[in-house]
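Asker: Next input, structure requested:
(one chain, ligands or ions: 1)
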Amino acid sequence: MIFKNNLLPKNLQQYEKLYKQSIDNPELFWTDVAESFIWKSKWSKVVDFDFSKPSFKWFTDAKLNITENCLDRHVEAHPDKTAIIFEPNDPNQPAEHISYRELHSRVCKFSNVLKNNNIQKGDRVCIYLPMVPELAIAVLACARVGAIHSVVFAGFSSSALSARINDASCKMVLTSDGSFRGNKTIDLKSIVDEALKDCDCVDSVIVLNRINSGITLNKNEKWWNDELDKVDDYFPAEIMDSEDPLFILYTSGSTGKPKGMVHSSGGYMVYTAYSFKNVFDYDDDDIYWCTADIGWITGHSYIVYGPLLNGATTMMFEGVPSYPDFGRFWEICEKHKVNQFYTAPTAIRALAKHPLDFVNKYDLSSLKVLGTVGEPINEEAWNWYNENIGKNKCPIVDTWWQTETGGIMITSLANVTEGKPTFATKPMMGIQPVLFDENGNEFDDNNKNGILGIKYPWPSIARTIYGDHERYKNVYFSAYPGYYFPGDGAFRDEYGNYRITGRVDDVVIVSGHNLGTAPIEDVINMHDNVVESALVGYPHDIKGNALYAFVILKDDSKKDDIEVEINKLISKTIGPIAKPEKIQLVPGLPKTRSGKIMRRILRKIASGEKDNFGDISTLLNPEIVEQIVEGSQ
Ligand code: WT7
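Answerer: Residues are numbered from 1 along each chain as shown. As a prediction, this is how the structure comes out:
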């Protein structure tokens, strides 16, 4: 265990006491947390910040390499402990157990490969790989040589990939000949080939043979294993400044261009490690599994860095929850005796639709803690998860955070503070959430909805948007000067628990009235026959903008009076001004892989467009777009 006991609250009272210390004297608190790590030299100042620039520096002048904290210290303490369990797509293939000693050696070897291919400290390396151990190894090797990794989820299209490679001027691309996904293989290399037609910045490509596709490489491309054959496993870690960038990770914004969020070395290390330990109540012999992909921030912080910094055993799963059948997650939990299981509400809802036999076949008694992330979890899904997976004995941590925050911000702490269905609950130590009213004034009353802000920096806050500090300032620090603005709404109950109500940046001005779409959707969703809805604005001759509602019904046979009933409900709850001009019944909504509705597409459909939806390859269900267009008004 890397943290002292006084930093790990055991119950609500201890949490409250520690939380108070963390906000009364943040510098003292974070000094104590940071002392838990191995530094080459210590900081001259704990935190230095200016919200108006904005500029955030943590552990100024300190030197470190995050991989010494992820690997070397654990090789010394417990070399044979499993660092990564790799569960392949094919359930008949054996799982791989990689010890800390072996992981260290493989990371050092790949660091030498990077160096041999001209990668220097500060260079950007794009990683486009499936969920195989080499992905984690590549990430850590970049960190070891001081290169900035930019992992692009291997489900993105070639145009999304080339845009990201060019935005960061990546010098190298790491990829594979293909990937396994359920009963399909995906030809990743052709996607990379297509992307690289537009990328002059790339000097070299290293290709892992994952699926034995038999391809031949182009010039400037090398096979992963040929490169490994040339090197040994000695590689002294590059000395990094605490504020040197560790990685770039792209997140979508309200406009089309993705934002390359830049994360630091020292602050990111301190916060991800500390939050991992406290949120999941990880014990030294536990097996921890987060089902996310390393292509997302959840995978960066809570598959790779957070767990390895704690010397934990972390699982990587290559496959999908539906292959060979809908019991795969639970089969894996039984097989590896998983103790902490962390997934997304969208996965829970998808699995809950299938017969319980898929769950009940398996022994889930090893599970101790369940987690969710990515979107608000509805009560029905929460209950299903609690009863059928947790057997009513596992705390559920509903973790609210963002690519930009680097780590979990609002959550319950397993076995320490209570969860509450549909509430993320309380701030992590050191996090100061506030609520604003519609006039931008901070308020303290409870049992009210407001707009979420964060009052004081925390160590893992993103430092900038790569190449566009002005956009960083405008998006996150301009709405409420002196605060970080995450773009979410929240409700606070009388015990100080926060429920995240959804994005607030989807505001539509209708006849001069500022209407947030989220609260109106909540009202539509109150109708007994509605499963889900999405509301967007579209240009209107008289009103400026009008509202267009896309609504999924539970029972399509009862749709005759639905429009009248929804309008009545809205008039009653919010006022006639909030009534949508058009209501379209749809079979589904376009969603991103983290479960968020892709409103950009709905806005286009609402304004009459029939095609030109841009890149929809990042959607979970791209086929739904055409169906919605067909039924549009
Ligand atoms: C947005 C961030 C954090 C990794 C996954 C998504 C929504 C996230 C929750 C939660 C309600 C949540 C927010 C946030 N969100 N977690 N537990 N409850 N909403 O990262 O793609 O950067 O998205 O996801 O709206 O702002 P992301």
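
Asker: domain assignment for this protein?
Answerer: Segmentation of the chain into domains, based on automatic domain parsing, reads 67-238, 508-631.

Asker: Beyond the worst-scoring helix or strand of the chain on mean pLDDT, next helix or strand please.
Answerer: Least confident element among the helices and strands of the chain, by mean pLDDT, DSSP states H and E: strand 513-516 (a mean of 62). Following strand 513-516 in sequence order, the next helix or strand is helix 517-526 (DSSP states H and E).

Asker: The next helix or strand after that next one vs helix 517-526, what angle?
Answerer: Moving toward the C-terminus from helix 517-526, the next helix or strand (DSSP H and E) is strand 530-540. Computed by axes from the mean of the first three to the mean of the last three Cα atoms, to 10 degrees, the angle separating strand 530-540 from helix 517-526 equals 140 degrees.

Asker: Tell me the strands beside strand 530-540, with direction?
Answerer: Taking DSSP bridges as the criterion, strand 530-540 sits next to strand 544-553 (antiparallel) in its sheet.

Asker: chain center to the strand it pairs with, what's the gap?
Answerer: A distance of 28 Å separates the C-alpha centroid of strand 544-553 from that of its chain, computed with Cα atoms, centre = their mean, to the nearest Å.

Asker: ok, and for that strand, which residues are buried?
Answerer: By 16 or more other Cβ atoms under 10 Å, the buried positions in strand 544-553 come out as Asn545, Ala546, Leu547, Tyr548, Ala549, Phe550, Val551, Ile552, Leu553. Quick note: C-beta positions are derived from backbone N, CA and C, even for glycine.

Asker: want to throw those residues into CSV with pLDDT and distance to the ligand?
Answerer: As requested, the buried residues of strand 544-553 are exported to CSV (pLDDT from 0 to 100; distance: Cβ to the nearest ligand atom, whole Å):
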residue, pLDDT, distance to the ligand
Asn545, 77, 23
Ala546, 87, 25
Leu547, 93, 21
Tyr548, 96, 21
Ala549, 97, 20
Phe550, 97, 19
Val551, 97, 21
Ile552, 96, 19
Leu553, 95, 24
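
Asker: related to what we said a few turns ago, point out the most buried one among the domains of the chain.
Answerer: With neighbours taken as mean count of other Cβ atoms under 10 Å, the domains of the chain reach their highest mean count in domain 67-238, at a mean of 19.

Asker: near the ligand at all, that one?
Answerer: No - Domain 67-238 is not in contact with the ligand by Cβ under 6 Å from any ligand atom; minimum separation 11.0 Å.

Asker: about what we covered before: mind telling me which of the domains of the chain the model trusts least?
Answerer: Among those, domain 508-631 carries the lowest mean pLDDT, a mean of 87.

Asker: Return the alpha-carbon coordinates of the longest helix along the chain using PDB.
Answerer: Taking DSSP state H as the criterion, the chain has its longest helix at helix 100-116. Listed next in PDB are the C-alpha coordinates belonging to helix 100-116 (Å, rounded to 0.1, in the frame of the first residue of the first chain):
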ATOM      1  CA  TYR A 100       5.300  -6.400 -12.400                       C
ATOM      2  CA  ARG A 101       8.800  -7.800 -13.200                       C
ATOM      3  CA  GLU A 102       7.700  -8.800 -16.700                       C
ATOM      4  CA  LEU A 103       5.800  -5.600 -17.300                       C
ATOM      5  CA  HIS A 104       8.800  -3.500 -16.300                       C
ATOM      6  CA  SER A 105      11.000  -5.500 -18.700                       C
ATOM      7  CA  ARG A 106       8.600  -5.200 -21.600                       C
ATOM      8  CA  VAL A 107       8.100  -1.500 -21.100                       C
ATOM      9  CA  CYS A 108      11.900  -0.900 -20.900                       C
ATOM     10  CA  LYS A 109      12.300  -2.900 -24.100                       C
ATOM     11  CA  PHE A 110       9.700  -0.900 -25.900                       C
ATOM     12  CA  SER A 111      11.200   2.300 -24.600                       C
ATOM     13  CA  ASN A 112      14.400   1.300 -26.400                       C
ATOM     14  CA  VAL A 113      12.400   0.600 -29.600                       C
ATOM     15  CA  LEU A 114      11.000   4.200 -29.400                       C
ATOM     16  CA  LYS A 115      14.500   5.600 -28.900                       C
ATOM     17  CA  ASN A 116      15.900   3.500 -31.800                       C
END
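
Asker: I'd like the next helix or strand past that helix.
Answerer: strand 124-128.

Asker: I'd like the next helix or strand past that next one.
Answerer: Next along the chain after strand 124-128, taking DSSP H and E as the criterion, comes helix 133-145.

Asker: just checking, what packs against that next one?
Answerer: helix 66-67, strand 82-87, helix 100-116, strand 124-128, strand 148-151, strand 245-251, strand 313-317 (3 or more Cβ pairs under 8 Å, 6 or more residues apart in numbering; DSSP states H and E).

Asker: could these be laid out in JSON lines, adding distance to Thr60?
Answerer: What follows is the helices and strands packed on helix 133-145, written out as JSON lines (distance: least, Cβ to Cβ, whole Å):
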{"stretch": "helix 66-67", "distance to Thr60": "17"}
{"stretch": "strand 82-87", "distance to Thr60": "31"}
{"stretch": "helix 100-116", "distance to Thr60": "27"}
{"stretch": "strand 124-128", "distance to Thr60": "24"}
{"stretch": "strand 148-151", "distance to Thr60": "20"}
{"stretch": "strand 245-251", "distance to Thr60": "15"}
{"stretch": "strand 313-317", "distance to Thr60": "31"}
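
Asker: Looking at the ones you listed, which is nearest to Leu620?
Answerer: Closest approach to Leu620 among the helices and strands packed on helix 133-145 (Cβ to Cβ): strand 245-251, 16.5 Å.

Asker: hmm, the closest one in reach of the ligand?
Answerer: Yes - Strand 245-251 is in contact with the ligand by Cβ under 6 Å from any ligand atom, via Thr251.

Asker: The helix or strand that that strand is followed by versus strand 124-128: what angle between them?
Answerer: Proceeding N to C from strand 245-251, the next assigned helix or strand is strand 259-264, under DSSP H and E. Direction vectors for strand 259-264 and strand 124-128, defined by the same axes, to 10 degrees, enclose an angle of 120 degrees.

Asker: Parallel or antiparallel, list what pairs with strand 259-264.
Answerer: Here strand 259-264 is paired, per DSSP bridges, with strand 245-251 (antiparallel), strand 464-465 (antiparallel).

Asker: Switch those over to a markdown table; also include mean pLDDT and mean neighbour count.
Answerer: Output for those, formatted as a markdown table (pLDDT from 0 to 100; neighbours: other Cβ atoms under 10 Å):
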| stretch | mean pLDDT | mean neighbour count |
| --- | --- | --- |
| strand 245-251 | 95 | 23 |
| strand 464-465 | 98 | 24 |
